[in-house]
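Peer 1: here is my input; please provide its structure:
(chains A and B)
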Number of protein chains: 2
Amino acid sequence: MDDNKNKECTVQFEPRGLKVTVPSGTTLLEAAHRAGIYISSICGGDGYCGKCKVIINEGQSQSRPSPLLTPEEIRENIVLACQTKVLSDLKVTVPKSHSLETSQVLMDANAHILSKLAGQTQVELFEYDPLVRKLCVEMSPPTVLDHTADHERLYAAIRKHVDAPKMQTGFRVLQKLSDVLREANYKAAVTIGQRGGTTEVIQVEPGRRCKTNYAVAVDLGTTTIVAHLIDLTTAKTIDTEATYNSQMNFGEDYIRRIIYAEQTDAFDQLQERLVHDVNDLITTMAVRQRIDLQDITGVICAGNTAMIHFLLNLDPTRIRREPYVASAGFVPPIRAAEVGIQINKRGLLYSLPSVAAYIGGDIVAGVLTTRVYTKEKLSIFVDIGTNGEIVLGNKDWLICASSSAGPAFEGSGIKCGMRAGAGAIESLTIVNGGKIKFKTIGNSHPIGICGSGLLDTLSELFVNGIIDRTGRLKATGDPRLTDGDEGMQFQLVEPQNGHQEITITQADIDNLIRSKAGVFAAIRILMNSTQTNLEDIDAIYIAGGFGNFLNVHRAVTIGMLPDVPRGKLQFVGNTSIAGAKTSLCSQKALETAERIAESMTYLDLMGNPDYMDEFIKAKFLPHTDLSLFPSAGNLKPQA
Amino acid sequence: MDDNKNKECTVQFEPRGLKVTVPSGTTLLEAAHRAGIYISSICGGDGYCGKCKVIINEGQSQSRPSPLLTPEEIRENIVLACQTKVLSDLKVTVPKSHSLETSQVLMDANAHILSKLAGQTQVELFEYDPLVRKLCVEMSPPTVLDHTADHERLYAAIRKHVDAPKMQTGFRVLQKLSDVLREANYKAAVTIGQRGGTTEVIQVEPGRRCKTNYAVAVDLGTTTIVAHLIDLTTAKTIDTEATYNSQMNFGEDYIRRIIYAEQTDAFDQLQERLVHDVNDLITTMAVRQRIDLQDITGVICAGNTAMIHFLLNLDPTRIRREPYVASAGFVPPIRAAEVGIQINKRGLLYSLPSVAAYIGGDIVAGVLTTRVYTKEKLSIFVDIGTNGEIVLGNKDWLICASSSAGPAFEGSGIKCGMRAGAGAIESLTIVNGGKIKFKTIGNSHPIGICGSGLLDTLSELFVNGIIDRTGRLKATGDPRLTDGDEGMQFQLVEPQNGHQEITITQADIDNLIRSKAGVFAAIRILMNSTQTNLEDIDAIYIAGGFGNFLNVHRAVTIGMLPDVPRGKLQFVGNTSIAGAKTSLCSQKALETAERIAESMTYLDLMGNPDYMDEFIKAKFLPHTDLSLFPSAGNLKPQA
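Peer 2: As a prediction, this is how the structure comes out:
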């Protein structure tokens, strides 16, 4: 063994063929991480989630025994990557449904189409006045009779274009100003950025550079990071790109990542991963659009409070400890370069303000996008991600809460769960005779089920009497119901052409019910605490990473959302990126987001004695109290 | 010769005994510079001012021949330092009256006493609201019911103390905020700084650090740099220090320094010299007062436009070229560390705004200090330095001009001229019988004449009939009148105890008359262009580096200032440092300075066709037109 201690081993990961050299003794999860391969790991490498299974094809390794591996898996050389040390050169296969490949990421490209609320439409509600912009300014050159200094000459010219009572100029810009203005013959392209009430001159270039100015809006999700590239001279989105959050290797939810960072003092490492992801997205789009990174002068991020803390290397540790306090809710714009984001070196990084430790700027973006804050009547905004955040309110008040829904509807913690990507079952129906019809993303062979498919599955199993109101698989004699390694399970897709069967287990169903119950209980608590009746609710907006589309009414069928008329339900897609983009394109929108964040009242569910009651009551399909779901009578008759 | 090429030579400068090692071939001026010895050099090393004479005591050197050296001087091994190359180890003596030793610098300590306008008194006119300040803020720690983020908690606490609608926090401060607040048990010492309408949180420390906050006000003169250390918790000046501007080696006036920097691309070098001087002053005071440099959180500079450009490394080259345009008149506050000033690493550097290329923040400080801008009646403010800047106006309007007076009244370009320091004749009277009485600074043996002494000398020579109205030394047969190396000269002090005689030459007198004529002509142009009569003038304030005191009425006698009743004349000392200090202690004062700078109309004398006329008319004592000087009749009868 000692001989191996300092040995370097090469690990090759299939099917992508990526190689990495690591010291003997490194875990396979760490090796995958270094190779840039993202393997699911809910527990952050502690060996108890069982998500990081890989197959050893060749070479020597050493694994700790794990109850999460079946005897069959052990025979097939399947190991937990986090519990396995590299001892020699290795060839390893990462099963497709467990690896998070960038190419598989759903781009949320249809969010524009799905929802008129997102994208350009919303921008029109606010005056187009972007946070960073480029002006073509022309000055008369100085003469003996007009010897105003260059700096004040520039200010006067800028003020002909924009209302900028308070201005400042970066010191380095000022040092070169006189030369640039003279070279440009006093026709200059001036980039200005908004910094909390002050207009900063970020860059002064020759006039011919007036037409090149870009910015990036980022939805900084715990699981997925989505970026849109915007041409600021036209306010158009010219490219979009997405990637998995590579912090995934350190834990599937952000609480676990905070714990990991604390235990191993890995805050910098987690920050670098996030910045690396953002830079990857930006660079990919810039290269594709043939844009110089120097011409990108602003980035705006919407994300949950923890992600923003990680990005900016703010201390996130109090987020997970009572009384759950963030370092900062409002973060002033800073230079993107300060955190390592590679755009124009004087370009600015904005973040949407968060409300509380568990209500981030992504939710504020959602409220901005759905315009809940402008309406006379009450609306509910629900964002289903790793947590389920709920906002209830109208133009007069807004109250919000975060339920620890868990990532089941993101496909995590579900045996055949996966993210919305090629091969994911995104919709599923049980037709007459019990036959299952489904559709996969990209129409590929099914390899797993994503959020919208899971919601459909739960709803259809229930409506067709395969599970009872507690979610228990009924012993109906259906041959698809078997006793598998993890207890009872129901086969949704038969094994075919070497592809494994797709099943849903009793544990999966319990998981999904816990998630939906958490969301519904949170909604009830918010409604009860504000004495809101069902009839008062004019609209329910549901956002999240379910996939491209969602059978919204099935969210009522399972009792995740209150039983309002179907016309009041709307799937709004990724409102986080939409709100970020709107804020980028309008100072007023960002100011509105700040007012929204300030005005939202956060209700701590963990501190609420009724929450557990409501949660338990909601753990039935659709609920213990059927009077809350009058339309449940319209469902198919139960067996 | 070739053997010497790479030889290192040690040069020892007497009387201070400082040694420096330089490569063979280095000029003595450069060597002195490297040794930290400041030798007068009006021409910036071009060999035509003759001010950098030093004596070679031992060793080999090589000098270019110069008509500025008399045969006697050559015999005595006197050389021009700038025209002399080091060829071996050398011992050199720097004559006392020509070297600028820090210890000799006049501190302007009496300026407070001399003028009620300066210092603390002025501060009282404005609310005490310093640009940087430390607040003791106490917050209630977060609870489950009050989970406001630390950052917003801090803002709310700050806003209980100050009106700060727009706030920002340095990114690095934000990153450490949560830890610091918890360590401090939510009792914190918060340093805030004003940045053009935004209040920046510069530093957050534990509460016990509330009482330690300092700032420095600097008068950044072409010749002398004066600094005051202010305890911001009490608004008291606790120390003062001054030094010669070590850019002096690159030229005595700033135009010459700009030319030098352009020709040798030495902008960085000139910037470093200035910053080095400022750091020297700050460090000297901090060490003396046992203050940690980290506890100095702000520096404010008042200086002419060129000095501010040099300090900040802004491009000064257009200052000297038509149409004479500065890079910036208003410079936003920047981090002092950005230019190399060694205070708290997040401390701010402020500059008083300038009006034009030749009217700097020092003049704006003068107007602020003398309150010319507040008065119903008209006043004139005159600052005599290397240039003579004039402001005329009242609360409704302000007009200003800069005359190229030359540095004669600073003692430069005058055979026995020197700066106000120990041994300088600061006042001089010719008593009955023609005997000369004088007083020196420090009551030492006289070694030269400073500004106030020169003004007295010119006035007394005139009043006592030793010179005529054109300034020509009259052939009266006075034995003190001799034909010297540089033409006719008049002995003021006999040689004694090895000290050389002190004389004033015809060239000196012509120089002084040119200076006073420049100032008076500028005043006339300003008065004429605004149709101001002598009776309209309610006050004339005269500021500058004359010395500790000035016989102000003698400035009328020689025709430098208009002939107003003596009670309307006031010597106000160093108004540049006074105005800087006032601005440091009150945001409103700085805003007032900015309004003053904005409202001042600059009149370009070089572009004014009447200026040369007025100048020629003013080259008589007191003037060609005696009707402008009605009180001239009260002078002693002319011989």
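Peer 1: how is the residue of the stretch 451-600 of chain A found nearest chain B assigned, secondary-structure-wise?
Peer 2: Among the residues of the stretch 451-600 of chain A, A:E598 lies closest to chain B, at 8.8 Å counting by C-beta to the nearest C-beta. C-beta: built from backbone N, CA, C; applies to glycine. What DSSP: H, G, I helix; E, B strand; the rest coil gives for A:E598 is helix.
Peer 1: look up how far A:L398 lies from it.
Peer 2: 10 Å (C-beta to C-beta, to the nearest Å).
Peer 1: so for those two, which sits in the more crowded spot?
Peer 2: Set side by side, A:E598 and A:L398 show more neighbours around A:L398, with 22 against 13, by other C-beta atoms under 10 Å in any protein chain shown.
Peer 1: any idea how far whatever residue of the stretch 401-550 of chain A ends up closest to chain B is from A:N304?
Peer 2: As assessed by C-beta to the nearest C-beta, chain B sits closest to A:S402 within the stretch 401-550 of chain A, at 12.0 Å. Going from A:S402 to A:N304 by C-beta to C-beta gives 9 Å.
Peer 1: name the residues contacting each of those two.
Peer 2: Shared contacts of A:S402 and A:N304 (C-beta atoms under 8 Å, 6 or more residues apart in numbering or on different chains): A:Y358, A:N387.
Peer 1: picking that back up, ok, the closest residue in space to the residue of the stretch 451-600 of chain A closest to chain B that isn't next to it in sequence - contacts?
Peer 2: Leaving aside its chain neighbours, A:E598 sits nearest to A:P353 (7.9 Å; criterion: C-beta to C-beta, 6 or more residues apart in numbering or on different chains). Residues in contact with A:P353 (C-beta under 8 Å, 6+ apart) are A:G329, A:F330, A:V331, A:G361, A:V364, A:A593, A:E594, A:A597, A:E598.
Peer 1: change it to 6 Å
Peer 2: Listed by C-beta atoms under 6 Å, 6 or more residues apart in numbering or on different chains, the contact set of A:P353 reads A:G329, A:F330, A:G361, A:E594, A:A597.
Peer 1: how many neighbouring residues does the fourth one have?
Peer 2: A total of 17 residues lie near A:E594 under the criterion other C-beta under 10 Å.
Peer 1: tell me the phi and psi of the nearest residue to it once chain neighbours are set aside?
Peer 2: The shortest distance from A:E594 to any non-neighbouring residue, by C-beta to C-beta, 6+ apart, is to A:P353 (5.3 Å). The phi and psi values for A:P353, taken as degrees, to the nearest 10, are phi -70, psi 150.
Peer 1: now do A:A286
Peer 2: Dihedral angles for A:A286 - degrees, to the nearest 10 - are phi -60, psi -40.
Peer 1: so what's the residue count around it?
Peer 2: By the criterion of other C-beta under 10 Å, A:A286 has 22 neighbours.
Peer 1: what lies in contact with the helix or strand hosting A:T429?
Peer 2: Element membership for A:T429, per DSSP states H and E: strand A:424-430. Applying C-beta under 6 Å, 6+ apart, the set of residues contacting strand A:424-430 from outside is A:418, A:436-441, A:446, A:448-450, A:452-453, A:456-457, A:460, A:464, A:547.
Peer 1: those residues also near chain B: which ones?
Peer 2: The subset of the contacts of strand A:424-430 lying close to chain B, counting by C-beta under 6 Å from any C-beta of the partner chain, is empty.
Peer 1: okay, the residue nearest to A:E594: pLDDT?
Peer 2: Per-residue confidence (pLDDT) for A:P353: 97.
Peer 1: circling back: let's see if you can find the most crowded of the contacts of A:P353.
Peer 2: Neighbour max across those (other C-beta under 10 Å) = A:G361, 33 neighbours.
Peer 1: OK, contacts around it?
Peer 2: A:A302, A:S351, A:L352, A:P353, A:S354.
Peer 1: as TSV, the residues you listed with secondary structure would be great.
Peer 2: Listed next are the contacts of A:G361 as TSV, based on three-state DSSP:
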residue	secondary structure
A:A302	strand
A:S351	strand
A:L352	coil
A:P353	coil
A:S354	coil
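Peer 1: drop anything exposed from those.
Peer 2: Neighbour counting over the contacts of A:G361 (16 or more other C-beta atoms under 10 Å in any protein chain shown) leaves A:A302, A:S351, A:L352, A:P353, A:S354 as the buried ones.
Peer 1: can I get the residues you listed in a markdown table including distance to A:F250?
Peer 2: Listed next are the buried ones among the contacts of A:G361 as a markdown table, based on distance: C-beta to C-beta, whole Å:
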| residue | distance to A:F250 |
| --- | --- |
| A:A302 | 22 |
| A:S351 | 21 |
| A:L352 | 24 |
| A:P353 | 26 |
| A:S354 | 21 |
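Peer 1: right, and the helix or strand after the helix ranked longest in chain A?
Peer 2: If each helix of chain A is counted by residues according to DSSP state H, the longest one is helix A:506-529. As assigned by DSSP H and E, the chain's next helix or strand after helix A:506-529 is strand A:537-544.
Peer 1: what is the burial count for the residue of the stretch 301-450 of chain A at minimum distance from chain B?
Peer 2: Across the stretch 301-450 of chain A, no residue is closer to chain B than A:A328, which sits at 3.4 Å (C-beta to the nearest C-beta). Using other C-beta under 10 Å, A:A328 has 27 other residues around it.
Peer 1: now the closest residue to it other than its chain neighbours: which helix or strand?
Peer 2: Nearest residue to A:A328 in three dimensions, chain neighbours excluded: B:H151, at 3.4 Å (C-beta to C-beta, 6+ apart). Using DSSP H and E, B:H151 falls within helix B:150-159.
Peer 1: buried stuff in that helix?
Peer 2: Result for helix B:150-159 [16+ other C-beta under 10 Å]: buried residues B:D150, B:H151, B:E152, B:R153, B:L154, B:Y155, B:A157, B:I158.
Peer 1: reformat these as CSV; add pLDDT.
Peer 2: Shown next, in CSV, are the buried residues of helix B:150-159 (pLDDT from 0 to 100):
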residue, pLDDT
B:D150, 95
B:H151, 96
B:E152, 95
B:R153, 96
B:L154, 96
B:Y155, 96
B:A157, 96
B:I158, 96
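Peer 1: how close does the residue sitting nearest the centre point of chain A get to chain B?
Peer 2: For chain A, the residue nearest the mean C-alpha position is A:G221 (2.4 Å; C-alpha atoms, centre = their mean). As for A:G221, its distance to chain B is 21 Å (criterion: C-beta to the nearest C-beta, to the nearest Å).
Peer 1: check contacts around A:L461.
Peer 2: Shown in contact with A:L461 (C-beta under 6 Å, 6+ apart): A:I467.
Peer 1: what sits against the nearest residue to A:R208 once chain neighbours are set aside?
Peer 2: Once flanking residues are discounted, A:R208 sits nearest to A:A189: 7.4 Å by C-beta to C-beta, 6+ apart. Residues near A:A189 by C-beta under 6 Å, 6+ apart: A:K134, A:E205, A:G207, A:R209, A:C210.
Peer 1: apply 10 Å and report the result again.
Peer 2: Neighbour list for A:A189: A:134-137, A:180, A:203-213 [criterion: C-beta atoms under 10 Å, 6 or more residues apart in numbering or on different chains].
Peer 1: what do you get for A:G484?
Peer 2: With contact taken as C-beta under 10 Å, 6+ apart, A:G484 is in contact with A:T70, A:K415, A:F490, A:Q491, A:E501, A:T503, A:T505, A:Q506.
Peer 1: list the buried residues in the helix or strand hosting A:D239.
Peer 2: Assigned by DSSP H and E, A:D239 falls within strand A:236-244. The neighbour-count check on strand A:236-244 (16+ other C-beta under 10 Å) flags A:T237, A:D239, A:T240, A:E241, A:A242, A:T243, A:Y244 as buried.
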